[in-house]
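Trainee: Need a 3D model of the following:
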Amino acid sequence: MSEYINAVLNTVISKNPAEPEFHQAAKEVLESLEPVVERHSKYQEAKVLERITEPERVIMFRVPWIDDKGRVQVNRGFRIEFNSAIGPYKGGLRFHPSVYLGILKFLAFEQVFKNSLTTLPMGGGKGGSDFDPKGKSEMEVMRFCQSFMTELQRHIGPETDVPAGDIGVGGREIGYMFGQYKRLRNEFTGVLTGKGLGWGGSLIRPEATGYGSVYFAQEMLKTRGETLEGKVCTVSGSGNVAQYTVEKVTQFGGKCVTLSDSVGSIYDPDGIDAEKLAFVMELKNVKRGRIKEYAERFDCEYRENERPWSVPCDCAFPSATQNEINLEDAKTLLKNGCCVVSEGANMPSVPEAADLFVEQKILYGPGKAANAGGVATSGLEMSQNSMRLSWSREEVDSKLNGIMVAVHEQCMAAAEEYGQPGNYVMGANIAGFVKVADAMLDQGVV
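Mentor: Model prediction:
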């Protein structure tokens, strides 16, 4: 690492103590940018790296709400508006007990480059709360969402900042927050994405992140004259991303054999077909049960407190959360024959695992590229809202596929240009950075 890059990283770490996820994300991006900064001195002269690692705005607020027993509860809310050089801030809201400033900074920072890769005019942001929707009643979730939006609405808007869903924030939560925004602002605008189809939502949005990670994997395989046909795939998680990853892999002729949640994983060597996937969707989206019930229903193996990475596979689709693949998991995947990793979650591989994938020259699609389909389709929802139009399922899916092909092409071209052909990590970071950095230079010191 050059002296300049190292100095920038040390500044990030010293100014943001006790935020390891943000440090990790910044280090991965900055290391990749070394050849760009060496070739183009304008970025160092204008201190673009120092500016791009500092959020434009950090909003933190209290969220008081009343539970079903009439007691006052207090959570903390956040919105990180990281970079708006190429468009309004765009990124999800996460409701989970693990949420704190460092995780949201990491997610917002990654979002800047991911959104840049989509080719759509979107800046990067992220937000959420340490509220846990699990175990809460419908009325408690509604009251929390309304209180959360009562403050957040001051800082967002269709031309300013357009949040979406993330972990713990699905269609239900988006609906409650949109209703409160509309009540307070007296306007019906595309201020949130992931909305219901009857009131401004887009077809394919729930499927988009999972579909996109599979489209990206398919593009990577094409570079070696292969497809997903006949491939055995492991998938982590069991939410939207995992569910629609399984659906699209199956459509492409592959076989998914695992799913997981926070307390364990299932291994079904016969594959998760359409009937079994329908059971998972009912279990997770409606009943909000545990994946263990799948093993009981279909008589397959349940592994308590284990992730699925010990299962032999051709392709892995980490679709749960950050840092879920450690170095030992990565070694096991490679030993068992895995040749493709396409990240549906954000930064699911620890740095040592990601480095190993790159070193071994497997087809490794990092999250900011491979899971860009979700925010890309959010961008398509924004376009439909602006035009007061609704596109067909086929039209949105076609546009999504085209965007993922374009993301792949940008990564490939940037990696090739800077002497690292096939290195999707470097390619994604460079391609995402250059577009944003050049826009920042064009707009002066802002």
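Trainee: okay, CA-based contacts and neighbour counts for the rest of this
Mentor: OK.
Trainee: ok, the residue nearest to the spatial centre of the chain to residue 370 distance?
Mentor: Among the residues of the chain, the one closest to the centroid is residue 346, at 4.5 Å (C-alpha atoms, centre = their mean). Computed with C-alpha to C-alpha, to the nearest Å, the distance linking residue 346 and residue 370 is 9 Å.
Trainee: And the strands in the stretch 101-250 of the chain, which stretches?
Mentor: Per DSSP state E, counting those that start in this stretch, the stretch 101-250 of the chain has strands spanning 124-129, 161-164, 232-235. These are given in chain order.
Trainee: what would these look like in CSV with mean pLDDT, distance to residue 111 and mean neighbour count?
Mentor: CSV is the format used below for these (pLDDT from 0 to 100; distance: least, C-alpha to C-alpha, whole Å; neighbours: other C-alpha atoms under 10 Å):
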stretch, mean pLDDT, distance to residue 111, mean neighbour count
strand 124-129, 98, 5, 30
strand 161-164, 98, 12, 25
strand 232-235, 98, 23, 26
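Trainee: out of these, which comes closest to residue 378?
Mentor: Taking C-alpha to C-alpha as the measure, the strands of the stretch 101-250 of the chain were each checked against residue 378, and strand 161-164 came out nearest at 7.6 Å.
Trainee: Run through who's touching the longest helix along the chain.
Mentor: With DSSP state H applied, the helix covering the greatest number of residues in the chain is identified as helix 393-417. Counting by C-alpha atoms under 8 Å, 6 or more residues apart in numbering, the neighbours of helix 393-417 from elsewhere in the structure are 117-119, 203-204, 208, 212, 215-216, 219-220, 369-370, 372-373, 376-377, 380, 421-428, 430-431.
Trainee: part of a strand, is residue 59?
Mentor: Yes - counting by DSSP: H, G, I helix; E, B strand; the rest coil, residue 59 is part of a strand.
Trainee: State whether it and residue 82 are indeed in contact, as I suppose.
Mentor: No - here residue 59 does not reach residue 82: they are 10.7 Å apart, not a contact under C-alpha atoms under 8 Å.
Trainee: More neighbours: which of the two?
Mentor: residue 82 (26 against 13; other C-alpha atoms under 10 Å).
Trainee: The more buried one: which element?
Mentor: Using DSSP states H and E, residue 82 falls within strand 72-83.
Trainee: coming back round to it: out of the contacts of helix 393-417, which are buried?
Mentor: Buried positions within those, assessed by neighbour count (16 or more other C-alpha atoms under 10 Å), are 117-119, 203-204, 208, 212, 215-216, 219-220, 369-370, 372-373, 376-377, 380, 422-428, 430-431.
Trainee: mind listing what's buried in stretch 250-265?
Mentor: The neighbour-count criterion (16+ other C-alpha under 10 Å) identifies 250, 252, 254-261, 264-265 as the buried residues of stretch 250-265.
Trainee: dump the residue contacts of residue 148.
Mentor: Residue 148 makes contact with 63, 77, 177 under the criterion C-alpha under 8 Å, 6+ apart.
Trainee: Show me which of those residues is closest to residue 362.
Mentor: residue 77 (39.4 Å).
Trainee: Measure how buried the closest one is and give me the count.
Mentor: For residue 77, the neighbour count with other C-alpha under 10 Å is 27.
Trainee: about what we covered before: chain center to the longest helix of the chain: distance?
Mentor: Between the centre of helix 393-417 and the centre of its chain there are 16 Å (C-alpha atoms, centre = their mean, to the nearest Å).
Trainee: Starting from it, tell me the next helix or strand along the chain.
Mentor: As assigned by DSSP H and E, the chain's next helix or strand after helix 393-417 is helix 424-442.
Trainee: Report the spatially nearest residue to residue 271, omitting neighbours in sequence.
Mentor: Computed as C-alpha to C-alpha, 6 or more residues apart in numbering, the closest residue to residue 271 that is not its neighbour in sequence is residue 257, at 4.7 Å.
Trainee: And the pLDDT at that neighbour?
Mentor: At residue 257, the pLDDT value in this model is 98.
Trainee: show me what contacts it?
Mentor: The neighbours of residue 257, taking C-alpha under 8 Å, 6+ apart as the test, are 232-235, 267-272.
Trainee: Now with 10 Å, please.
Mentor: With contacts defined as C-alpha atoms under 10 Å, 6 or more residues apart in numbering, the neighbours of residue 257 are 232-235, 246, 266-273, 308, 311-313.
Trainee: among those, which ones are buried?
Mentor: 232-235, 246, 266-268, 271-272, 308, 311-313.
Trainee: Now, those residues that are in helices?
Mentor: Secondary structure assignment (DSSP H) places residue 246 from those within helices.
Trainee: Output the strands of the stretch 101-250 of the chain as CSV; include the columns distance to residue 188.
Mentor: Below are the strands of the stretch 101-250 of the chain laid out as CSV (distance: least, C-alpha to C-alpha, whole Å):
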stretch, distance to residue 188
strand 124-129, 22
strand 161-164, 13
strand 232-235, 38
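Trainee: Select, out of those, the one closest to residue 436.
Mentor: strand 124-129 (10.2 Å).
Trainee: Okay, now the sheet partners of the closest one, with direction.
Mentor: Here strand 124-129 has these sheet partners by DSSP bridges: strand 72-83 (antiparallel), strand 89-95 (parallel).
Trainee: Thank you, goodbye.
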